[in-house]
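Enquirer: Provided below for reference: sequence and predicted model.
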Amino acid sequence: MVRLRIVTTGIGTVVVASLALAAASQAQNVTLKMAHWVPPVHHLTNTYAKWIASVSAASGGTLTVKLDKSRLGKPPGQYDLAKNGVRDLTWGVAGYTPGRMPMIRGAEVPFATPNSATGSPALYTWYTKNGLHKAEFNDTRASPDKIESLLLVPVRFGM
């Protein structure tokens, strides 16, 4: 079975979906377990449901995501849930893990970009151009040259 451990920071989960879909194309019927920290009445609950439906549809039903009904950890602990293999996917915010990923927190500067459509690609370009992706998230990094190198390795994507 294909297993991926992925942490998203809430900045562009499209990369996560693309990676997961690529993995699903190599396997039969994969279910990824996803942790989160928001209450059931949070607006992200509806967003998660729509995203999960789109992942399933894009994979032709071979990839499903099972969202936990309640949180397994507080916001700062989400990263560790994926890193330690407790969940395949988590949603977290870098700013909720003080001192752990200081450079990526540049994305949290208020009004730095007009919207996520321009801000997310700009952040990714800046982050990788300056080699910051090699300095942070060291414990959850793998070379995405081949999908095989990502299997069973904690990975962090989603700029």
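Expert: Nice, thanks for sending it over.
Enquirer: Quick one: the strands in this structure, in order.
Expert: Under the criterion DSSP state E, the chain contains strands at 5-8, 30-35, 63-67, 89-91, 154-156.
Enquirer: Summarise which helices and strands the third one is packed against.
Expert: Packing contacts for strand 63-67, counted by 3 or more CB pairs under 8 Å, 6 or more residues apart in numbering; DSSP states H and E, involve helix 14-24, strand 30-35, helix 43-58. The C-beta positions use only the backbone N, C-alpha and C, and glycine is treated the same way.
Enquirer: Run the chain-centre distance for that strand.
Expert: 13 Å (CA atoms, centre = their mean, to the nearest Å).
Enquirer: Sheet-wise, list the partners of it with their directions.
Expert: Note on strand 63-67: by DSSP bridges, its sheet partners are strand 30-35 (parallel).
Enquirer: Any buried residues in the partner strand, and which?
Expert: Neighbour-count burial for strand 30-35 flags 30, 32, 33, 34, 35 (criterion: 16 or more other CB atoms under 10 Å).
Enquirer: Good, we can wrap up now.
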